[in-house]
Every structure is written in C-alpha cells, then in structure tokens.
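S.K.: below are the sequence and a predicted model for it; my questions follow.
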Amino acid sequence: MRLAEGDTIRVFNGAAGEWRAAVSKISRKAALLETRAQTRAPAPEPDSWLCFALLKRQKTDMVVEKATELGVSVIQPIITARTNADHVNLDRLRAIAIEAAEQCERLHVPEIRPPMPVMKLMAGWPARPLFVADERRSSGLLGPATGPSALMIGPEGGFTDQELEAIARTPLITRVSLGRRILRAETAAIAGLALLLAAQP
C-alpha cells in the first residue's frame, strides 16, 4: 500500500520461484507488476501434511503460522468429539500462511483445507503414512520422515474410543510419542513437525 509506480518488490510462488518485479501501474483496487529477473529458482519441499484438532482462534492461528514456517504442504483441520471449535475463517488462515511464508522466505504456501470430521477423514484416507501422536506415551518416539507423510494431533481431551478405533483401522497408521511430557495441542503440533521434518530439505 506504500508503493508507487517504479518501486521494486519481490514476488514468489512455488512453481515459478522468486522474482524481482517493478510496479508498472497502480490504482486503488489493483497493481500491475512487471517481472524483471528471477532471484531464486523453485526448489523441492517436503510433502508432509498436518492434521490437527481445531483449537481456539489464537492457538489455531499459531499452529498455522508455525506449520507454514516448518514446511508442511497441507494443513487439514479436523473436528473431533472433544474439539474446542467447529469452524474457521479460511481466508484469515490463508493470509496467516502467506505472511508466514514471506517471513521465513519460503516459496510454497501450504494448502489449507476446510475442517473435516476425523471419522470422515479416516474413511477416505489416501495411501500416505500417518503418524498419530500418542498422549499415553506408550509408543516409540517420532522420527524424521523420508517421503510423503502426515502427522495427526488430537484435541486437548484426547480422541474418544470410537475415534481411536476408526484411526486404528486405517492403513499406514503408526502411533508415535512426542517425548516424555504431556504437551498442549499447539505445542504437540509444533514439536511433532520439528521431529517429522528434521531430515527434509
């Protein structure tokens, strides 16, 4: 909003990389940019998803911001029997993800999908390894993924028995621990992604 014609900025997306561009025309509703030179080429990124039970607004915002910084490709909010919320403003979350990508100089902005009931998500789960955080801490510690993957974080009160049964019936599921301590949901999402993506580019 502070730019004038002739000013230069950097623009980016995952397909074209990052480019230096000049403002060639500006109005109250739009601006026309002219690309000048590529400053960074596209680069591969992790193909990892985050599925997390919706939290209150500020905590959901933080999870989206940090998941973007850590490099996830898809953010899938889920609704469970013990979820603290059942809807989100997707446009606001996308804006948070774009701002986070700009801040950490990431070229890709993750896809943010509409919230989905966990039972429906499990019924249509694709052929993708899914690591489910085990708040009972009886599973092995989550390690780095070397290919496509997904991490699921449940609500503060944990999944119900019915939800756990549906998760257990889903192929390619592994229950994992995030360490010795019981973490809040937003902390678990950040810690889990750090473990999962530690070896990714």
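M.R.: Great, that's in hand. Residues are numbered from 1 along each chain as shown.

S.K.: I figured residue 197 hits residue 70, correct?
M.R.: Yes - Residue 197 is in contact with residue 70 according to Cβ atoms under 8 Å; the separation is 5.7 Å. The way it works is simple: take the backbone N, C-alpha and C, and place the C-beta from them, glycine included.

S.K.: quick one, which of these two is more surrounded?
M.R.: residue 70 (23 against 20; other Cβ atoms under 10 Å).

S.K.: give me the element the residue positioned nearest the centre of the chain is part of.
M.R.: Nearest to the mean C-alpha position of the chain, by Cα atoms, centre = their mean, lies residue 75 at 3.7 Å. In the assignment (DSSP states H and E), residue 75 maps to strand 74-79.

S.K.: next, count neighbours for the closest residue to residue 87 other than its chain neighbours.
M.R.: Closest residue to residue 87 apart from its sequence neighbours, by Cβ to Cβ, 6 or more residues apart in numbering: residue 115 at 6.6 Å. Neighbours of residue 115 under the rule other Cβ under 10 Å: 18.

S.K.: my read: residue 131 touches residue 196, true?
M.R.: Yes - Residue 131 lies in contact with residue 196 (Cβ under 8 Å); the separation is 6.7 Å.

S.K.: any shared contact partners between those two?
M.R.: 142, 145, 149, 151 (Cβ atoms under 8 Å, 6 or more residues apart in numbering).

S.K.: among the residues you listed, name the ones in helices.
M.R.: Residues of those located in helices (DSSP state H): none.

S.K.: of these, closest to residue 4?
M.R.: Ranked by distance to residue 4 (Cβ to Cβ), the shared contacts of residue 131 and residue 196 are led by residue 151 at 44.2 Å.

S.K.: bridging residues for that closest one?
M.R.: Judged by DSSP bridges, the bridge partners of residue 151 are residue 50, residue 131.

S.K.: give me the number of residues near it?
M.R.: 27.

S.K.: list the contacts for it?
M.R.: If you count contacts by Cβ under 8 Å, 6+ apart, then residue 151 has 48, 49, 50, 51, 130, 131, 133, 142, 189, 192, 193, 196 around it.

S.K.: before we move on, what about residue 79?
M.R.: Residue 79 neighbours (Cβ under 8 Å, 6+ apart): 53, 54, 86, 115, 116, 117, 118.
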